[in-house]
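A.B. asks: Attaching a predicted model along with its sequence, questions to come.
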Amino acid sequence: MKALVYRGPRDIAYETMKDPELHDDRDAIIKVDKCAICGSDLHIYHGETFSEDTGYCVGHEAVGEVVEIGRGVRQLKVGDKVMISAAVGCGQCRSCLAGIVNRCENNAAGCYGLSSRLQGCQAEGVRVPAADFNAQKIPDGISADQALMMTDALATAWFGARNADIQRGATVAVVGLGPIGLLAAEAAFIMGAARVFGIDLVEGRRAMGRAFGMETPDPAIAREYIAEATKGRMCDSVIEAVGHSATIRASLGLAGRRATVSVVGVNQDRSFDFPMSKAFGMGLTFRIGTCSVPQEWPELIPLVQSGRIKPERYISHTLPLSDGKHAYDIFDRRVDGAMKMVFDMGL
């Protein structure tokens, strides 16, 4: 099969790899229809890897068709169209059955495309472990593009907003208006926020936020703008969707007393100096972590089916997999209106 393979920093190659095979009776093989680049894939692209491996397939967002199942698979059958959770678990322990795969009690928690341990989804095919749990039939009324956004981006955005303790009438700030940040802002309004401020360096992204009611001040004066708009109270909830140390610090600076700061951007800065004294004095709640995708699906499926959230609107490019190197380059440089980059195996 063809796949996008990590060869080193800023070196994503379109190569032939061995077809995926069943490793366990509970596995399934999925023929990928569509897959996407996540913002966190850029950490691998930049060489900030979780492993010393090279030569492995990248990516963790995909939808496709079941083409082979192990003898232990009960819920899926060949021919089913499925969405694949970016985060995987054993599917058998109490935590997984509650949807919280990153607390898997059998140490099976993981993510596609971080190393050769679990090959990624930016390929023509992928092996899904514990497939009855880690993949789900695409529900009626949900398109392939919508389902693809639900495999990680929309679920992470909803998780970030949920972690921000948003109450009705709240004032919320979202730092970073890529697809996850914009979806988190939409989630904030659904959860009852009265005002949502959006901060991003790219004007085109700020304009997308303004289209559904966000206030998007010039990022150079964003803190001053929010201070004036809130009469110095600042924000009740802040969602950080970038992951840089500078944007996390900026997010903490937008929080008011007894506020919650929710960070879903991936940060690997071991030298980050958390302002403990300030957080203590203001009574801040600070949460950071990754989303357990299956936990969010029950709430998100009806929202997408009803049209309340339309995550597909943030897909900016749909390309063949063979254009992977180019797609990573423009996504990394945030040019050509790059938002969500999708690979369609039919192109």
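C.D. replies: Yes, it's here.
A.B. asks: Which parts of the stretch 151-300 of the chain are strands?
C.D. replies: 171-175, 195-199, 235-240, 255-263, 285-288 (DSSP state E, counting those that start in this stretch).
A.B. asks: Name the strands paired with the first one and say parallel or antiparallel.
C.D. replies: According to DSSP bridges, strand 171-175 forms sheet pairs with strand 195-199 (parallel), strand 235-240 (parallel).
A.B. asks: where does this structure dip in pLDDT?
C.D. replies: For the chain, no stretch has pLDDT under 70.
A.B. asks: what residues go with each domain of it?
C.D. replies: Per automatic domain parsing, the structural domains of the chain span 2-152+292-344, 157-288.
A.B. asks: is it possible to export those to a markdown table including mean neighbour count?
C.D. replies: (Glycine included, C-beta is placed from N, CA and C.) As requested, those are arranged in a markdown table below (neighbours: other CB atoms under 10 Å):
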| stretch | mean neighbour count |
| --- | --- |
| domain 2-152+292-344 | 19 |
| domain 157-288 | 19 |
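A.B. asks: quick one, what contacts residue 213?
C.D. replies: By CB atoms under 8 Å, 6 or more residues apart in numbering, the contact list for residue 213 reads 189, 196.
A.B. asks: Against residue 121, how distant is it?
C.D. replies: According to CB to CB, to the nearest Å, residue 213 and residue 121 sit 34 Å apart.
A.B. asks: that older thread, minimum distance to residue 115: which of the strands of the stretch 151-300 of the chain has it?
C.D. replies: The closest of the strands of the stretch 151-300 of the chain to residue 115 is strand 285-288. By CB to CB, the value is 22.4 Å.
A.B. asks: From the contact counts, what lies against the closest one?
C.D. replies: In this structure, strand 285-288 packs against strand 255-263, with contacts taken as 3 or more CB pairs under 8 Å, 6 or more residues apart in numbering; DSSP states H and E.
A.B. asks: can you give me the angle the strand it packs on makes with strand 235-240?
C.D. replies: 30 degrees (axes from the mean of the first three to the mean of the last three CA atoms, to 10 degrees).
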